[in-house]
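Student: no sequence for this one, just the structure:
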Ligand SMILES: Cc1ncc(COP(=O)(O)O)c(C=O)c1O
């Protein structure tokens, strides 16, 4: 049975052309880009080309791109660089719905001398921007707000927030791991100082990320070592993966329109059909302002994990919250921050599509999921109770 993969916010398939571009750099062209000989030098040129491709995707300059190991490293580097550059400032602002890469670091810092403001969201996952602005102070070292949420797909008003934050001359970082490659991003149009991205979310390999650092931003490296990345990130370059990230950036740029037309159409079809066919179901998040590939739907009175297991029997790969938080039966911190009722948060499933999905696959999910929910509700005492109250 061929799997139907709709868990692309967890990770994506490496695009065939990305893999093809990477392969020779494992075995044929294995030189060290720092070497003096031309065998290494050729590899250095290929890294330069990859850096340019990432820069094009972001509307940035190549020198503003620092390659590293993942989105998590980018987030840590950005936040730690900002606080190291502003040693007198002891306040950080972030949101309640960040990925653990930012959330857990900020919680850690809050136990180590920093005051952290976690900005709340409303029932649709929209950020309380006024609360953010009211909390800006001369003591604020950095504001870190994700560009788009990995669970709900809700997109945040980065342009507006960055303008206000920059007016106060405070460092602004955005975790754009889920946004890059899915929606247009142009660093020339926003006041973002640092931006995180990750290769495996945009059809590149795992274990490669990049941090955009705007020219003139005070920076201190997270990994201190060799002169790689102009001394901003020590360690011999992960050459095949850097080349893969470059190619994946080009792939994403070429498919951006398809993502926002065909993929969005499939996501909307999935939403509309499931809501129509399954009573007591609702979208978690602002339908009008979401990533084109993502939907999180709550099915009341059933367990998300049971839904996933039954979907899995049909080869359908989805997620109940983010992959990073599954393993715990507690509703995710994102759904809790949004105030999704317990009965619905427990039965929430995230579907995240990609350009590799077909309409036939989406139709298959639309056919099978209502039967799965019906079967589970037939066994659920809570559903029977709610049913008897309703009838
Ligand atoms: C919004 C967001 N930030 C950061 C990360 C972490 O990225 P990586 O897996 O490359 O460390 C993820 C991964 O799920 C994410 O969704």
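Tutor: Everything's here; your move. Nothing here was measured: the structure is a model prediction, and the numbers come from that model.
Student: Run a quick neighbour tally on the nearest residue to residue 124 once chain neighbours are set aside.
Tutor: Nearest residue to residue 124, sequence neighbours excluded (Cβ to Cβ, 6 or more residues apart in numbering): residue 286, at 4.2 Å. Bear in mind the C-beta positions are built from the backbone N, C-alpha and C, glycine included. Residues near residue 286, counting by other Cβ atoms under 10 Å, number 19.
Student: Quick check on residue 286: phi, psi?
Tutor: phi -80, psi 100 (degrees, to the nearest 10).
Student: Tell me if I'm right that it and residue 121 touch.
Tutor: No: when contacts are counted by Cβ atoms under 8 Å, residue 286 is not listed as touching residue 121 (9.6 Å).
Student: Are there residues contacting both of these two? Which ones?
Tutor: Common contact partners of residue 286 and residue 121 (Cβ atoms under 8 Å, 6 or more residues apart in numbering): residue 154.
Student: re earlier: what sits against the residue nearest to residue 124?
Tutor: 124, 125, 126, 152, 154.
Student: tell me the two of those that are most distant?
Tutor: 126 and 152 (9.7 Å; Cβ to Cβ).
Student: More neighbours: which of those two?
Tutor: Taking other Cβ under 10 Å, residue 126 and residue 152 do not tie; residue 152 has more neighbours (29 against 18).
Student: Now do the contacts for the more buried one.
Tutor: 97, 125, 284, 285, 286, 290, 294, 296, 334, 338.
Student: which SS class is it?
Tutor: At residue 152 the chain is in coil, as set by DSSP: H, G, I helix; E, B strand; the rest coil.
Student: mind listing what the closest residue to it other than its chain neighbours touches?
Tutor: Closest residue to residue 152 apart from its sequence neighbours, by Cβ to Cβ, 6+ apart: residue 285 at 3.3 Å. Residue 285 makes contacts with 124, 125, 149, 152, 153, 154, 295, 296, 338, as judged by Cβ under 8 Å, 6+ apart.
Student: How much space separates the nearest residue to residue 320 once chain neighbours are set aside from residue 343?
Tutor: Distances taken as Cβ to Cβ, 6+ apart put residue 304 closest to residue 320, at 3.3 Å, once the chain neighbours are dropped. The gap separating residue 304 from residue 343 is 12 Å, by Cβ to Cβ, to the nearest Å.
Student: can you check residue 334 too?
Tutor: Relative to residue 343, and taking Cβ to Cβ, residue 334 is found at 17 Å.
Student: higher neighbour count, the two?
Tutor: Taking other Cβ under 10 Å, residue 334 and residue 343 do not tie; residue 334 has more neighbours (30 against 16).
Student: ok, the more buried one touching residue 149?
Tutor: Yes: between residue 334 and residue 149 there is a contact at 6.4 Å, judged by Cβ under 8 Å.
Student: what sits in contact with each of these two?
Tutor: 97, 125.
Student: which residues in the stretch 201-350 of the chain form strands?
Tutor: Counting by DSSP state E, counting those that start in this stretch, one finds strands in the stretch 201-350 of the chain at the ranges 209-213, 281-283, 294-299, 316-317, 348-352.
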